[in-house]
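**Q** Predicted model and sequence follow; I will ask about them next.
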Amino acid sequence: MRLAAAALVALALAGCASLGTSTTHLAPLAEPTRGGEALGTYLDELRGMSDARLAQEATRQRKLAAGSGASDLERVRAALALTLAPHDDESPILALVEPVAHSEKAAPDVRGMASFLQVLAMERRRLRESAAAAGQKLREERQSREQERQRADALQQKLDALSELEKSLSRRTPTSR
């Protein structure tokens, strides 16, 4: 999952770089800023980290971005680290990137990465919720199937008892009156 997220981020950065070629109907792209280059370099650093080191880095970046004077770039760096680190909740990522994604003051490439991470986090949340709902449905179906099996076993026992009763009645000798 972490590798896939890193690949998606790398593709997005590469795609952003290649958009500046021949598209006349699109608005001209701004020159990449140091922020965009810094994010690309930071992503390369993150990709080489182990899960434990990545979790430490995500915690460190999150603390740096928690301050009121944190820059947009620091918030996106923290969100990038959180995106790649194993975790169960996308809320911290969304809290970091939503203000940057909607800010007109943020550098275009930093805002673009924030928007990308926002969409990625929302999609991961949707997938996690879908998986949880599917798991719940599966548990309910298993429970229902188990109840049906128990009911079938109880009916089979009754049928066997009736069959034994019928056999015992037919084996009796008729009594004369």
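**A** Arrived safely.

**Q** Name the residue closest to the centre of this protein, please.
**A** For the chain, the residue nearest the mean C-alpha position is Arg124 (2.9 Å; C-alpha atoms, centre = their mean).

**Q** just how off-centre is the top helix by length along the chain within its chain?
**A** Across the chain, the longest stretch assigned as helix under DSSP state H is helix 108-171. Relative to the chain's own centre, helix 108-171 is displaced by 21 Å; criterion: C-alpha atoms, centre = their mean, to the nearest Å.

**Q** Next: stretch 80-100.
**A** Here stretch 80-100 shows a centroid-to-chain-centroid distance of 11 Å under the convention C-alpha atoms, centre = their mean.

**Q** Next: stretch 68-75.
**A** How far stretch 68-75 lies from its chain's middle: 25 Å, per C-alpha atoms, centre = their mean.

**Q** which other residues reach that stretch?
**A** 35, 38-39, 61, 64-65, 96-97, 99-100, 103, 105-107, 110-111, 114 (C-beta atoms under 8 Å, 6 or more residues apart in numbering). Using the backbone N, CA and C atoms, a C-beta is placed for each residue, glycine as well.

**Q** Show me those that map onto helices.
**A** Short answer: these in helices (DSSP H) are 35, 38-39, 61, 64-65, 96-97, 99-100, 110-111, 114.

**Q** Report the contact partners of Ala132.
**A** Residues counted as contacts of Ala132 (C-beta under 8 Å, 6+ apart): none.

**Q** From Leu43, how far off is it?
**A** 29 Å (C-beta to C-beta, to the nearest Å).

**Q** in the chain, what spans have low per-residue confidence?
**A** 1-33, 173-177 (pLDDT under 70).

**Q** who touches Arg111 in this structure?
**A** Residues near Arg111 by C-beta under 8 Å, 6+ apart: Asp72, Val100, Ala101, Ser103.

**Q** at 10 Å instead, please
**A** Arg111 makes contact with Gly35, Gly36, Asp72, Val76, Val97, Val100, Ala101, His102, Ser103, Glu104, Lys105 under the criterion C-beta atoms under 10 Å, 6 or more residues apart in numbering.

**Q** Out of these, flag the one nearest to Arg172.
**A** Nearest to Arg172 among the contacts of Arg111 is Val97, at 84.0 Å by C-beta to C-beta.

**Q** number of nearby residues for the closest residue to that closest one other than its chain neighbours?
**A** Once flanking residues are discounted, Val97 sits nearest to Ala114: 4.2 Å by C-beta to C-beta, 6 or more residues apart in numbering. The number of residues packed near Ala114 is 26, by other C-beta atoms under 10 Å.

**Q** is it true that Ala114 touches Val100?
**A** Yes - judged on C-beta atoms under 10 Å, Ala114 makes contact with Val100 at a distance of 3.8 Å.
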